[in-house]
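Colleague: Test case, fold it:
(one chain, ligands or ions: 2)
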Amino acid sequence: MMLRETFPVGPLQCNCTILACADTKDAVIIDPGGDAHRIGEIVAYYDLTVKAIIHTHAHIDHIYSTHQVKTEHGGEVCLHRDDMALYQGVAAQATMIGVRPCETTPVERFIEHGDTIEFGKRNALVIHTPGHTEGSVCFEVHNDRDTIVFAGDTLFRRGIGRTDLPGGNMRKIVTSIRDRLYTLRPDAMVIPGHGPTTTIAEEAAKNPFVTA
Ligand SMILES: [Zn+2]
Ligand SMILES: [Zn+2]
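Modeller: Ligands and ions are numbered 1, 2, ... in the order given. The predicted structure follows:
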């Protein structure tokens, strides 16, 4: 059994998720882009131990509360190396979208394609999907018979991430989605970085930007 809480955080409504092994209460936090208070309430409610803070990419709306969550709950801060420039440039990102800059905390583990991030008896598999940013990754998690894919800003319901920001590349995002997401289990649930959930099969058939 796995516990999962997904909720939108921050002004850009990034989907933050807390995932935990129900047996051990070990947890990972995916994209703490804001609302550290609510994250703290959920961690306390289930009495979770935060093992890792993992990021689909380093845009400010996905990392805004990383420092605060790390300070309050611990957990190894994980990011793909190719997004380090964005991570270190978070002050410039804040200026660009007109929000107060956030404090940052050092990245402790560079995650790569094929890595697994353990939490209790569960783990999240890292899938490198460059295109929205160079270091964009998705996380694939198995929950009993179900598969969940945390797609960050790579794949949305009937949409894909923008590629006009620094590090963006249209050709790469299309290749990432076709070769590394549409090849996953068709019935896998997709939780995008923003907006409603979908499935791999639905997007492969109906996504207007990238079909299988
Ligand atoms: Zn983004
Ligand atoms: Zn985003």
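Colleague: drop to CA atoms for contacts and neighbour counts, all remaining ones
Modeller: Noted.
Colleague: roughly how far is the host helix or strand of V141 from the heart of the chain?
Modeller: Using DSSP states H and E, V141 maps to strand 137-143. Distance of strand 137-143 from its chain centroid, counting by Cα atoms, centre = their mean, to the nearest Å, is 9 Å.
Colleague: residues near the nearest residue to I111 once chain neighbours are set aside, how many?
Modeller: Excluding the flanking residues, the one nearest I111 by Cα to Cα, 6 or more residues apart in numbering is H80, at 4.9 Å. H80: 23 surrounding residues under other Cα atoms under 10 Å.
Colleague: cool, and F209?
Modeller: 12.
Colleague: rewinding a little: and the pLDDT for the residue nearest to I111?
Modeller: Reported pLDDT at H80 in the predicted model: 98.
Colleague: Give me the most central residue, the chain.
Modeller: T56 (3.3 Å; Cα atoms, centre = their mean).
Colleague: check contacts around that one.
Modeller: I30, D31, H62, L79, S136, V137, C138, F139, F150, A151, G152, D153 (Cα atoms under 8 Å, 6 or more residues apart in numbering).
Colleague: Look at it and give its secondary structure.
Modeller: coil (DSSP: H, G, I helix; E, B strand; the rest coil).
Colleague: Roughly how far does it sit from G98?
Modeller: 22 Å (Cα to Cα, to the nearest Å).
Colleague: again with I111
Modeller: 30 Å.
Colleague: Looking at these two, which one has more neighbours?
Modeller: I111 (23 against 9).
Colleague: Quick check: the more buried one touching L79?
Modeller: Yes: look at I111 against L79 with Cα atoms under 8 Å: they come within range, at 5.7 Å.
Colleague: Show me the shaky parts of the chain.
Modeller: Across the chain, nothing is flagged by pLDDT under 70.
Colleague: Where do the helices of it begin and end?
Modeller: For the chain, applying DSSP state H gives helices covering 36-46, 60-63, 66-73, 84-88, 90-97, 170-176, 200-206.
Colleague: most neighbours per residue, which of the ones you listed?
Modeller: helix 60-63 (a mean of 26; mean count of other Cα atoms under 10 Å).
Colleague: what's that one packed up against?
Modeller: strand 14-21, helix 90-97 (3 or more Cα pairs under 8 Å, 6 or more residues apart in numbering; DSSP states H and E).
Colleague: List of residues touching the last one?
Modeller: So the one you mean is helix 90-97. In contact with helix 90-97 (Cα under 8 Å, 6+ apart) are residues H59, I60, R100, P101, C102.
Colleague: Recalculate using a threshold of 10 Å.
Modeller: Contact partners of helix 90-97, identified using Cα atoms under 10 Å, 6 or more residues apart in numbering, comprise 58-61, 63-64, 84, 86-87, 98-104.
Colleague: And C138, how close does it get to I54?
Modeller: C138 is 10 Å from I54, by Cα to Cα.
Colleague: which neighbours do the two share?
Modeller: Joint contacts of C138 and I54 (Cα under 10 Å, 6+ apart) are A124.
Colleague: Name all residues that make contact with A58.
Modeller: Contacts of A58 (Cα under 10 Å, 6+ apart): 31, 33, 64, 79-80, 82-90, 93, 133-136.
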